[in-house]
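Student: model the structure of this input:
(chains A, B and C)
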Amino acid sequence: MTLPITSLTGMLALSEEASETQETINPVLPVGFEIFWSAVFFFTLLALMRYVLLPPIQQGREERAARLSAGRDSVSDSDSELAQILAAHKEQIAVAEAEGAAIIDAARAEADGQRAQAVGAVEEEITKLRSNAQAEIDVARSTALAGAKGSVSQLAVGAATKVLGRSVDLASNQSVIDSYLNSGS
Amino acid sequence: MTNVLAIFAEGEGSAVEFPPIENVVEWPAFFGGDTFYEFNKIALMGLIAVVVPTVLFLVARASSSTAPSKLRVFVESIVKFIEEQIAKPGIGHGFEPYVPLLTSLFLFIAIGNLFEVIPFFQMPMNARMANPLVLALVVWAIFIYVGFKNQGFRYFKDIVWPGHVPPALRPLVGFIEFFSVFIVRPFSHAIRLFANMLAGHMLLITFSVLIIATLGQIAASASGVVLALGFVGSLVGLIGFTAFEVGVGIIQAFVFSILAAVYIGSSLHPAH
Amino acid sequence: MSLASNALMLAQQLDATDAKNANAAIGAGFAYGLAAIGPGIGIGIIVGQAIQAMARQPESAGQAQTTMFLGIAFTEALALIGFVVFILLKFV
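Tutor: Numbering: from 1, shown residues only, chains lettered A, B, ... in the order given. From the prediction side, this is the model:
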């Protein structure tokens, strides 16, 4: 391959034209004022981010996380509190129930006592009445018996007189009649 | 095929022609032309890329932290993403002081890149070399500072005279390591972002140019299956690549941030 | 190579700026085309291995993904340098 000399000279001529072609911009090289503005804006954003913008966001997020975990703690706290209150309530209820039972027992005991007393009094009276009645019965019986004994003795003595044909002395046979009557009664 | 060639040949020369590069990457100054503070569209994007995160964070901060608003949840999820997907895997333990830097990098780059698909801007901020270079040099300065602060002179010694390679190879490996860590790193870091965004920008321009050219031919009452296919294909390509570039812009912001985190992490923790 | 020599022959008949542009255009095409080969294969390997890793251990998919992006970024840099060379040759 032979390099055409004219194109080489043309390339040499390029270097002379370089000053002319400098007018077209280089799209790769940075330009001074753009570097200036880039630096200004980026450092502004960096400073703002470092000191103004980011800390409250992170802080707020951490606070919320802390509050969440605190909330979880307080929930468990209130859980245990609830259990305590419940236990206290149960205790109170138990005490009240015990008291109630005691009162009921006492009332029942009192009622029992009163009933027993009343029953006792009534029974006592009944016994008294019964003994009075018994005494009256006894008196009546003994009176009647005494009356009956006298008439029976006379009747027996009369009968015996008739049977024996001789007069039987009442006074001397009184004991026989009595023992007979007593054994019969 | 002949149809297309015919278009190319007879289309008055301007049928399919990529616009001059200065038309697609250079913008007129809004004020201060030809001074060090010349303010053009790129600088406006930088300003917006500062204002948008500031407003987002301030509004999010105004919402109560007990019952966070949707915006606050969004902002917190960005911060969480940067902490858990960028800072922690890249730096390892002790990543907390670098979260503001990485958040700034990620948001600044991502918002700058998204201008590529925003109407009236249609230009990624990072398709100009200045911005990626500044960011890469900031990261470069920080990882060197962190290295010397945490490991002292041993940081430098471990790079130029690595103890884990055979002594005969140490000068060579040390030279390569020195070159790659201190010189190639910032440039590859910057060029990775810059070239990606410039390539995406030029891809979208190419499809737009194709659409305009085919439309012009159709308007000039040319017809043909290939022309119609070319028009429809360019339209579908433009729409598809516009969506693709949104993803590329965010992934490049992620890659830039995680590389920054990896560089800082390699300075923070001595190599094993 | 014949393409380049043909272009040089063609350039013979053109003036110096055209010759420079023609050479630059060819160089730009080769620069980006060649620079895309290696990273293309490399990224394919990285993503394939990452998918394998994720399929074998879905629980560490997040870590594999992050590492995959890092690997892609490092590999892609070569293609991007080729792209920058393309820009430099084509437009400067």
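
Student: find the residue at the geometric middle of the chain.
Tutor: Since you didn't name a chain, this refers to chain A. A:K90 (3.4 Å; Cα atoms, centre = their mean).

Student: the chain in question should be chain B.
Tutor: Chain B has B:L193 as the residue nearest its centroid, 3.8 Å off, counting by Cα atoms, centre = their mean.

Student: I'd like the distance between that one and chain C.
Tutor: 9 Å (Cβ to the nearest Cβ, to the nearest Å). In this view, the C-beta of every residue, glycine as well, is placed from N, C-alpha and C.

Student: check contacts around the residue sitting furthest away from the middle of chain C.
Tutor: Largest separation from the mean C-alpha position in chain C: C:E59, at 33.9 Å (Cα atoms, centre = their mean). Counting by Cβ atoms under 8 Å, 6 or more residues apart in numbering or on different chains, C:E59 makes contact with nothing.

Student: now the residue nearest to the centre of chain A: which helix or strand?
Tutor: helix A:54-164 (DSSP states H and E).

Student: just B:L238 next, same as before
Tutor: Assigned by DSSP H and E, B:L238 belongs to helix B:225-268.

Student: pLDDT (mean, whole number) over that helix?
Tutor: For helix B:225-268, mean pLDDT rounds to 92.

Student: and it, how far from the chain's centre?
Tutor: Offset of helix B:225-268 from its chain centre (Cα atoms, centre = their mean, to the nearest Å): 9 Å.

Student: does that helix reach chain C?
Tutor: Yes - residues of helix B:225-268 contacting chain C under Cβ under 8 Å from any Cβ of the partner chain: B:251, B:254-255, B:258-259, B:262.

Student: confirm the residue farthest from the centre of chain C sits in a helix?
Tutor: Yes - under DSSP: H, G, I helix; E, B strand; the rest coil, C:E59 sits within a helix.

Student: pLDDT wise, what is the closest residue to chain A within chain C at?
Tutor: Nearest to chain A, among the residues of chain C, is C:A16, at 3.4 Å (Cβ to the nearest Cβ). If you check C:A16, the pLDDT there is 71.

Student: name the nearest residue to B:S208, ignoring sequence neighbours.
Tutor: B:L238 (6.3 Å; Cβ to Cβ, 6 or more residues apart in numbering or on different chains).

Student: residue boundaries of the strands in chain B?
Tutor: Along chain B, no stretch is classed among the strands by DSSP state E.

Student: same check on chain C?
Tutor: Going by DSSP E, chain C shows no strands.

Student: the residue in the stretch 51-200 of chain B positioned nearest to chain C: how many residues sit nearby?
Tutor: Residue nearest to chain C within the stretch 51-200 of chain B (Cβ to the nearest Cβ): B:A195, separated by 3.7 Å. By other Cβ atoms under 10 Å in any protein chain shown, the residues close to B:A195 number 26.

Student: how near is the residue lying closest to it once chain neighbours are set aside to B:I250?
Tutor: Once flanking residues are discounted, B:A195 sits nearest to C:L80: 3.7 Å by Cβ to Cβ, 6+ apart. Using Cβ to Cβ, to the nearest Å, we find C:L80 at a distance of 18 Å from B:I250.

Student: who's more crowded, those two?
Tutor: Legend: neighbour count by other Cβ under 10 Å for C:L80 and B:I250, higher for C:L80 (22 against 15).

Student: that one reaches B:L193, doesn't it?
Tutor: No - counting by Cβ atoms under 8 Å, C:L80 stays clear of B:L193, with 9.0 Å between them.

Student: count the residues that sit near residue 83.
Tutor: You didn't say which chain, so I picked chain A. 10.

Student: actually it's chain C I care about, not the one you picked
Tutor: Count around C:F83 with other Cβ under 10 Å applied: 23.

Student: before we move on, what about B:I48?
Tutor: Neighbours of B:I48 (other Cβ under 10 Å): 17.

Student: in contact with it: list those residues for me.
Tutor: B:111, B:115.

Student: which residues of chain A lie near chain B?
Tutor: So chain A meets chain B at A:24-25, A:27-42, A:44-46, A:48-50, A:52-54, A:56-58, A:60-61, A:63-64, A:67 (Cβ under 8 Å from any Cβ).

Student: make it 6 Å
Tutor: Neighbours of chain B within chain A, by Cβ under 6 Å from any Cβ of the partner chain: A:25, A:27-28, A:30, A:32-39, A:41-42, A:44-46, A:48-50, A:53-54, A:56-57, A:60-61, A:63-64.

Student: name the element the closest residue to B:L47 other than its chain neighbours belongs to?
Tutor: Closest residue to B:L47 apart from its sequence neighbours, by Cβ to Cβ, 6+ apart: A:F41 at 6.2 Å. Using DSSP H and E, A:F41 falls within helix A:32-48.
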